[in-house]
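> next comes the sequence, and after it the predicted model I'd like to discuss.
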Amino acid sequence: MDIPGYSIDFEKIVKTIKKEKYKRVVLQLPEGLKTYASQIVEFLENNTKATIIVSADPCFGACDITNYELKNFDVDLIIQIGHVSIPDVENLCIATLFVNAKSDINISNAVKKALPFLKEKGKKIGLVSTSQHVHTLKKVEKILIENSFQPFIGEGDSRISLKGQILGCNFSAALSIAKQVDLFLYLGSGNFHPLGLMLSTKKPVIAIDPYTIEIREKELEELKDLILRQRYGAIASSKDAKKFGILVSMKRGQQRINLAYKIKQMLDSKNKKSYIITAENFSYSILEGFRDIDCFISTACPRIAIDDYLQYKKPIITPIELEIVLDKRKWEDYRFDQIL
Ligand code: SF4
């Protein structure tokens, strides 16, 4: 079966279900692919003997593995389409199959358009992208070499499957080459990844959107300044907090309970009260009832504190920002929160 605009290995899914004789399978899809859910289910049920259960929960990343083994559904496989594996999350308690949705958009024109912008910044270019476009980095590398640049593609840590791949919570593939490059070229949509890339590597970033062929550089610098001002404000307004809520995600790839315990100890040592609060998906509406909490510390997806900041009526900060609140770290040593 075909999904327009993407290359998805459905044959691999069918082969895996048949080979392992899986009977009940949960299918997780990112928002953009949910419109094809019924076609995918029909295809898989017609080609295997499995019953497919579709999860309607948001599936933002490979971290979003639901704890079905706790839910008595008798499920024997989770398939997540649209992301590549986070290796230290895969197959932990239940078999998981990650199937990437590779975009089939041609990136050549977008890269060629970026060449004059790159020339202004330097010759040594670090290349990074998300799972959707990371397979095109070899082609980008070739175009850059033909135009006298020196491209670099880094290896990530144990949460990263593919060379040059970054997650919104993990820039290790960029950090591994940061000292060798003058700047990074990010291939992909959205601002969060290039923003995290700037804040974690401290290098200039040029972003190209393969769909719109839009080049972003100045806008990203402005966004970085705005976000840093917001973070400074969140830290300042957490200084007088007396009660802290430490947020821990139940999703397997975001769960940092040991970090939460350490944070609690740190707050205890400063005579600050704190409570560990868990949820699958955090939002201000589910935390609204915790009225006596003065400040939330998110150990879940780093995007929650940064992207959703304006939705929260109480300050929400990252674990690194808490260190600044407690005078254990200086603002000058600010770091982007990552799950490494
Ligand atoms: S934790 Fe957040 S940034 Fe990391 S993979 Fe999951 S959704 Fe993406």
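Perfect, thanks for sending it.
> count the residues that sit near the closest residue to residue 24 other than its chain neighbours.
Distance criterion CB to CB, 6 or more residues apart in numbering; nearest residue to residue 24, sequence neighbours excluded, is residue 75 at 4.8 Å. Glycine gets a C-beta too; all of them are placed from N, C-alpha and C. Residue 75 is surrounded by 19 other residues when neighbours are defined as other CB atoms under 10 Å.
> return the residues in contact with residue 207.
185-188, 191, 194, 215-217, 220 (CB atoms under 8 Å, 6 or more residues apart in numbering).
> and residue 176, by the same measure?
Residues in contact with residue 176, defined by CB under 8 Å, 6+ apart, are 154-156.
> run through the helices of the stretch 201-340 of the chain in chain order.
Under the criterion DSSP state H, counting those that start in this stretch, the stretch 201-340 of the chain carries helices at the ranges 218-238, 257-269, 284-287, 302-307, 319-325.
> with distance to the ligand as extra columns, can I get these in a markdown table?
Rendered in a markdown table, the data for the helices of the stretch 201-340 of the chain read as follows (distance: least, CB to the nearest ligand atom, whole Å):
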| stretch | distance to the ligand |
| --- | --- |
| helix 218-238 | 15 |
| helix 257-269 | 13 |
| helix 284-287 | 17 |
| helix 302-307 | 5 |
| helix 319-325 | 14 |
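> can I get those helices in CSV with distance to residue 142?
Below are the helices of the stretch 201-340 of the chain laid out as CSV (distance: least, CB to CB, whole Å):
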stretch, distance to residue 142
helix 218-238, 25
helix 257-269, 41
helix 284-287, 46
helix 302-307, 33
helix 319-325, 38
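> can you put those helices in TSV and add mean pLDDT and mean neighbour count?
As requested, the helices of the stretch 201-340 of the chain are arranged in TSV below (pLDDT from 0 to 100; neighbours: other CB atoms under 10 Å):
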stretch	mean pLDDT	mean neighbour count
helix 218-238	95	15
helix 257-269	97	15
helix 284-287	92	14
helix 302-307	91	22
helix 319-325	98	22
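> closest one to residue 13 among these?
For those, distance to residue 13 was read as CB to CB. The smallest value, 28.1 Å, belongs to helix 302-307.
> output the contacting helices and strands for the closest one.
Packed against helix 302-307 by the contact rule (3 or more CB pairs under 8 Å, 6 or more residues apart in numbering; DSSP states H and E) you find helix 192-201, helix 218-238, strand 316-317.
> now render those as a markdown table, adding distance to residue 137.
Written out in a markdown table, the entries for those read as follows (distance: least, CB to CB, whole Å):
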| stretch | distance to residue 137 |
| --- | --- |
| helix 192-201 | 14 |
| helix 218-238 | 20 |
| strand 316-317 | 34 |
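> got a list of what residue 146 touches?
Neighbour list for residue 146: empty [criterion: CB under 8 Å, 6+ apart].
> for it, give its distance to the ligand.
When distance is defined by CB to the nearest ligand atom, to the nearest Å, residue 146 is 33 Å away from the ligand.
> for residue 127, same thing?
In this structure, residue 127 and the ligand are separated by 20 Å, where distance is defined by CB to the nearest ligand atom.
> for that residue, pull up the helix or strand it's in.
For residue 127, the host element (DSSP states H and E) is strand 124-129.
> what of residue 53?
Per DSSP H and E: residue 53 is located in strand 51-55.
> only C-alpha atoms, please: export that strand in CSV.
Coordinates of the C-alpha atoms in strand 51-55 are reproduced here as CSV (Å, rounded to 0.1, in the frame of the first residue of the first chain):
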residue,chain,number,x,y,z
THR,A,51,-6.4,-7.7,15.1
ILE,A,52,-5.1,-4.2,14.9
ILE,A,53,-6.0,-1.7,17.6
VAL,A,54,-5.4,2.0,16.7
SER,A,55,-4.2,4.3,19.4
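> list the buried ones in it?
52, 55 (16 or more other CB atoms under 10 Å).
> now for it, which elements pack on it?
Here strand 51-55 touches strand 24-28, helix 37-47, going by 3+ CB pairs under 8 Å, 6+ apart.
> for it, which strands pair with it and how are they oriented?
Strand partners for strand 51-55, identified by DSSP bridges, are recorded as strand 24-28 (parallel).
> do the partner strand and the ligand meet?
No: judged by CB under 6 Å from any ligand atom, strand 24-28 makes no contact with the ligand; its nearest approach is 12.4 Å.
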